[in-house]
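Peer 1: Okay, predicted coordinates and the sequence, questions at the end:
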Amino acid sequence: MAAISAALEAAGALAISLGDPGGDPVLEPAPGATPLWEEVVVTALFPGATPVAPLHAAIAAAAGVVPADLTATIVEERDWVGEFRENLQPLRFGSRLWVCPEGIPCPDPAAAIITLEPGLAFGSGSHPTTQLCLEWLAGLDLERCQVLDFGCGSGILAIGALALGAGGATALDIDPQALQATADNAARNHCSARLTVVGPAGLAADARFDVVVANILADTLISLAPVLARHCRSGARVALSGILTGQSVRVREGCAPWLDLDAVAGHSGWALLVGRPAAPR
């Protein structure tokens with residue numbers, strides 16, 4: 001995939017995306033990682049006058065073979081941003097937390113409000129796993145709590161915790177673009193002073209939190225369980241998502257040496273596991 005993407009970029013692609021031919025992808029692969037699908041659809045956007053034949057040749061050279069399903073489609077110029085904005089609506093989580101696109105007023109101005117850029121590509125609150133985590137956070141008393149958002153993406157969970165009254169939050173991700181998006185969203189929500197944005201190496205070994213939330217992938221959560229537990233204060237509350245319902249038991253068992261978890265909620269085939277650090281054995 002890397003060679004094909006590089007060839008398309010060298011040929012003048014304005015944008016390149018990888019997708020699952022069987023439907024929506026479960027989650028995006030980590031930066032630099034191989035996509036999670038057995039087959040991958042590569043879509044590239046070029047200026048309208050770009051000749052197609054040289055693109056086919058570039059793809060064939062990069063792939064080593066001529067791909068079977070090469071198609072080219074003319075995309076009419078439209079006001080994509082305007083159309084996207086027209087379909088946006090504020091989303092409510094629990095009784096007191098709203099996620100509102102920038103420029104669209106919240107129906108409840110007195111509520112805890114997260115304001116996000118309408119063009120945000122990920123972490124907008126629309127995915128079921130994000131919704132499960134936000135609903136959970138909205139049900140907690142976060143006053144004076146320190147919150148860790150592990151795998152923060154857009155920072156929506158950390159920013160939501162701060163909007164709900166948390167004393168401070170730390171947002172961690174391996175993707176520099178996610179860290180930049182989180183910093184931008186924190187500035188948009190006027191909470192930069194209470195939010196620490198770090199990569200994995202930036203989290204102090206002795207950092208401890210009252211609330212830890214991680215919305216990633218099942219196998220990654222299992223491997224991270226000892227790390228998450230190590231950063232929990234005694235009695236801390238933990239929520240894990242990014243887990244398909246059928247993976248719940250495996251994740252609970254895999255995390256059991258470090259975290260005591262129960263499946264407490266589900267949405268559209270996704271599960272939320274909630275618990276506390278396991279007692280020392």
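Peer 2: Here it is on my side, so go on.

Peer 1: those strands in the stretch 151-281 of the chain, which residues are they?
Peer 2: Ranges of strands in the stretch 151-281 of the chain, per DSSP state E, counting those that start in this stretch, are 168-172, 195-198, 209-215, 232-244, 259-267, 270-277.

Peer 1: What about residue 238, how many residues nearby?
Peer 2: Residues near residue 238, counting by other C-beta atoms under 10 Å, number 26. Yep, even glycine has a C-beta here, placed from its N, CA and C like the rest.

Peer 1: The residue nearest to it when sequence neighbours are not counted: neighbouring residues, count only.
Peer 2: Distances taken as C-beta to C-beta, 6 or more residues apart in numbering put residue 212 closest to residue 238, at 4.8 Å, once the chain neighbours are dropped. Counted with other C-beta under 10 Å, residues neighbouring residue 212 total 26.

Peer 1: ok, now which ones touch residue 212?
Peer 2: With contact set as C-beta atoms under 8 Å, 6 or more residues apart in numbering, residue 212 has these partners: 147-148, 150, 228, 231-232, 236-239.

Peer 1: Could you chop the chain up by domain?
Peer 2: 2-63, 125-277 (automatic domain parsing).

Peer 1: Low-confidence ranges, the stretch 101-250 of the chain, go.
Peer 2: 118-124 (pLDDT under 70).

Peer 1: all helices of it, in order?
Peer 2: Remark: helices assigned in the stretch 101-250 of the chain by DSSP state H, counting those that start in this stretch are 128-138, 156-163, 176-188, 218-230, 248-255.

Peer 1: Alpha carbons of stretch 259-268, as CSV, please.
Peer 2: Once non-C-alpha atoms are left out, stretch 259-268 reads as follows in CSV (Å, rounded to 0.1, in the frame of the first residue of the first chain):
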residue,chain,number,x,y,z
LEU,A,259,-8.2,-4.5,35.7
ASP,A,260,-11.5,-5.8,37.1
LEU,A,261,-14.0,-5.0,34.3
ASP,A,262,-17.6,-5.6,33.5
ALA,A,263,-19.5,-5.0,30.3
VAL,A,264,-22.0,-2.2,31.2
ALA,A,265,-23.3,-0.8,27.9
GLY,A,266,-23.4,-1.5,24.2
HIS,A,267,-24.3,0.4,21.1
SER,A,268,-24.5,-0.9,17.5
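
Peer 1: just how off-centre is that stretch within its chain?
Peer 2: Put simply, stretch 259-268 sits 18 Å off its chain's centre (C-alpha atoms, centre = their mean, to the nearest Å).

Peer 1: Next, format the strands of the stretch 151-281 of the chain as a markdown table and append distance to residue 142.
Peer 2: Shown next, in a markdown table, are the strands of the stretch 151-281 of the chain (distance: least, C-beta to C-beta, whole Å):
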| stretch | distance to residue 142 |
| --- | --- |
| strand 168-172 | 9 |
| strand 195-198 | 14 |
| strand 209-215 | 7 |
| strand 232-244 | 10 |
| strand 259-267 | 18 |
| strand 270-277 | 15 |
